[in-house]
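Engineer: structure for this input, please:
(one chain, ligands or ions: 2)
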Amino acid sequence: MKEPITVSITGAAGQIGYALLFRIASGALFGPDQPVKLRLIEIEPALPTLEGVVMELDDCAFPLLREIVPTADLNEGFRGTNWALLVGSVPRKGGMERGDLLGINGKIFTGQGQAIAKNAASDVRTLVVGNPCNTNALICASNADGVPKDRFFAMTRLDENRAKSQLAKKSGTHHSEVTNLCIWGNHSATQYPDFTNAKIGGKPATEVISDHAWLKGDFITTVQQRGAAIIKARGASSAASAANAAIDTVMSLVNPTPAGDWHSVAVYSDGSHYGIAKGIMASMPIRTVTNGTWEVIDGVPVDEFSQGKIDATINELLEERDAVKDLIPA
Ligand SMILES: NC(=O)C1=CN([C@@H]2O[C@H](COP(=O)(O)OP(=O)(O)OC[C@H]3O[C@@H](n4cnc5c(N)ncnc54)[C@H](O)[C@@H]3O)[C@@H](O)[C@H]2O)C=CC1
Ligand SMILES: O=C([O-])CC(=O)C(=O)O
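Structural biologist: Numbers count the residues shown, from 1 in each chain. Ligands and ions are numbered 1, 2, ... in the order given. This next block holds a predicted model:
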């Protein structure tokens, strides 16, 4: 039997937590022969609800689940963790942008970054889901002294999955046929779902879909506004699809990327790719080399239309960084 992987999940009693924990515990994330330990972090007032979730996990009698630690203590919650999934934070309501949450949620990620640095396993990797996830991840990484920046990620996979689904619907194909879909920049209304490099059944999406006005218009805005559309329809922000995207993200970072393809996740920009400024968490085309090593895929063509869109979303990330400079140690 393999050594268990320890996964810490913040906001474990929330909507996304409820859709996420059971899949991890069942083996859907790391595979059917990989035991897992769960450390579930919540704020004090949510501990009674979390207790109910723990009771349900117990009642599943998952063969791979080795330990459950529910806690409001960050040191306890991140002790020995291999994967920290930072979901816990306030979701937006209708009429808000995700960036409006920065004032409420940003400060959560200073203490969490410090606690990860102090307590986690030496191979820890951190995925931030809580919004605005790019800048929260930057705050977290900046406060996790000693943990390499390339171990921090922010989730844009839900956007990638949404974009693939839209392209598949429009072209009458199955979404598994859609590859090379990069989300650039911020998980926000400025994100750029790059159709110019996407492929459908191995052919350029721009050849398969002749309606280029749709690609440049409704396709982009549908993906950019999908989170808001779900809040409007459901009265609550996306949860099951967000949990699913978190699983997809970790799987894509653990398993080598199929040759010729890439996946979208926001990573710490070192300033050496696509002219994207150093020191922000920006989504780019990423290839996982081995479990633990990844690289930005360089040389993906960026035409003038795409460049304008990328510039807009990167500028927004720079503005968000400015707004939280007090939370980022020099
Ligand atoms: N990156 C992405 O693609 C997506 C991000 N999100 C974001 O994920 C976050 C969570 O969403 P939901 O689960 O729907 O919200 P929710 O309100 O159902 O659950 C959030 C949970 O976090 C807990 N929490 C709050 N502050 C905490 C802290 N300091 N430490 C630990 N736990 C804390 C709350 O007690 C609550 O149980 C939101 O910020 C939401 O906007 C949602 C969908 C997609
Ligand atoms: O839109 C929101 O606030 C929740 C979210 O991030 C998404 O569904 O993409």
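
Engineer: contacting residues around the closest residue to Glu51 other than its chain neighbours?
Structural biologist: Excluding the flanking residues, the one nearest Glu51 by Cβ to Cβ, 6 or more residues apart in numbering is Pro70, at 6.6 Å. C-beta here means a position set from N, CA and C on the backbone, and glycine is covered the same way. Residues in contact with Pro70 (Cβ atoms under 8 Å, 6 or more residues apart in numbering) are 12, 40, 42, 47, 50-51, 53-54.

Engineer: which of these tops the neighbour count?
Structural biologist: Highest neighbour count within the contacts of Pro70, by other Cβ atoms under 10 Å: Ala12, with 29 neighbours.

Engineer: one step back: quickly note the distance from the residue nearest to Glu51 to Gln15.
Structural biologist: From Pro70 across to Gln15, the span is 17 Å (Cβ to Cβ, to the nearest Å).

Engineer: for this protein, what helix or strand is lowest in average pLDDT?
Structural biologist: helix 102-105 (a mean of 94; mean pLDDT, DSSP states H and E).

Engineer: which non-adjacent residue is nearest the residue in the stretch 51-200 of the chain that ligand 1 sits nearest to?
Structural biologist: Taking Cβ to the nearest ligand atom, ligand 1 has its nearest neighbour within the stretch 51-200 of the chain at Gly88, 2.5 Å off. Among residues not flanking Gly88 along the chain, Gly11 sits closest, at 2.8 Å (Cβ to Cβ, 6+ apart).

Engineer: ok so, going back, tell me how far the residue of the stretch 51-200 of the chain closest to ligand 1 lies from ligand 2.
Structural biologist: To ligand 2, Gly88 is 14 Å away according to Cβ to the nearest ligand atom, to the nearest Å.

Engineer: just the closest residue of this structure to ligand 2, please.
Structural biologist: Counting by Cβ to the nearest ligand atom, the chain gets nearest ligand 2 through Gly227, at 2.1 Å.

Engineer: ok, how many other residues are close to that residue?
Structural biologist: Look at Gly227: counted by other Cβ under 10 Å, it has 24 neighbours.

Engineer: ligand 1 contacts on the stretch 101-250 of the chain?
Structural biologist: Within the stretch 101-250 of the chain, the residues that sit near ligand 1 (Cβ under 6 Å from any ligand atom) are 108, 129-131, 133, 155, 158, 187, 237-239, 242.

Engineer: if you set the cut-off to 5 Å instead, what comes out?
Structural biologist: Contacts of the stretch 101-250 of the chain with ligand 1, taken as Cβ under 5 Å from any ligand atom, map to 108, 129-131, 133, 155, 158, 187, 237-238, 242.

Engineer: can you list those residues in TSV and add secondary structure?
Structural biologist: TSV is the format used below for these (DSSP: H, G, I helix; E, B strand; the rest coil):
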residue	secondary structure
Ile108	helix
Val129	coil
Gly130	coil
Asn131	coil
Cys133	helix
Met155	coil
Leu158	helix
His187	coil
Ser237	coil
Ser238	coil
Ala242	helix
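
Engineer: also within reach of ligand 2: list those from those residues.
Structural biologist: The subset of these within reach of ligand 2, by Cβ under 5 Å from any ligand atom, is 237-238.

Engineer: can you pull out the strands in the stretch 201-330 of the chain?
Structural biologist: 203-204, 263-268, 281-290, 293-296 (DSSP state E, counting those that start in this stretch).

Engineer: deepest of the ones you listed, which one?
Structural biologist: When you average the neighbours per residue for each of those (mean count of other Cβ atoms under 10 Å), strand 263-268 leads with a mean of 26.

Engineer: what is it packed up against?
Structural biologist: In terms of contacts (3 or more Cβ pairs under 8 Å, 6 or more residues apart in numbering; DSSP states H and E), strand 263-268 is packed against helix 133-143, strand 152-154, helix 157-171, helix 240-254, strand 281-290.

Engineer: dump these into JSON lines; add mean pLDDT and distance to Leu181 as well.
Structural biologist: Formatted as JSON lines, those follow (pLDDT from 0 to 100; distance: least, Cβ to Cβ, whole Å):
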{"stretch": "helix 133-143", "mean pLDDT": "98", "distance to Leu181": "18"}
{"stretch": "strand 152-154", "mean pLDDT": "98", "distance to Leu181": "17"}
{"stretch": "helix 157-171", "mean pLDDT": "98", "distance to Leu181": "5"}
{"stretch": "helix 240-254", "mean pLDDT": "98", "distance to Leu181": "12"}
{"stretch": "strand 281-290", "mean pLDDT": "98", "distance to Leu181": "9"}
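
Engineer: still on that earlier bit, hang on, isn't the residue nearest to Gly88 packed against Val128?
Structural biologist: No: the pair Gly11 / Val128 is not scored as a contact, 11.1 Å apart, by Cβ atoms under 8 Å.

Engineer: which of the two has more neighbours?
Structural biologist: With neighbours defined as other Cβ under 10 Å, Gly11 and Val128 compare such that Val128 has more, 31 against 26.

Engineer: list the contacts for that one?
Structural biologist: 86, 109, 134, 136-137, 140, 152-155.

Engineer: save these as JSON lines, and put in neighbour count too.
Structural biologist: Output for the contacts of Val128, formatted as JSON lines (neighbours: other Cβ atoms under 10 Å):
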{"residue": "Leu86", "neighbour count": "27"}
{"residue": "Phe109", "neighbour count": "30"}
{"residue": "Asn134", "neighbour count": "30"}
{"residue": "Asn136", "neighbour count": "30"}
{"residue": "Ala137", "neighbour count": "29"}
{"residue": "Cys140", "neighbour count": "31"}
{"residue": "Phe152", "neighbour count": "26"}
{"residue": "Phe153", "neighbour count": "27"}
{"residue": "Ala154", "neighbour count": "31"}
{"residue": "Met155", "neighbour count": "29"}
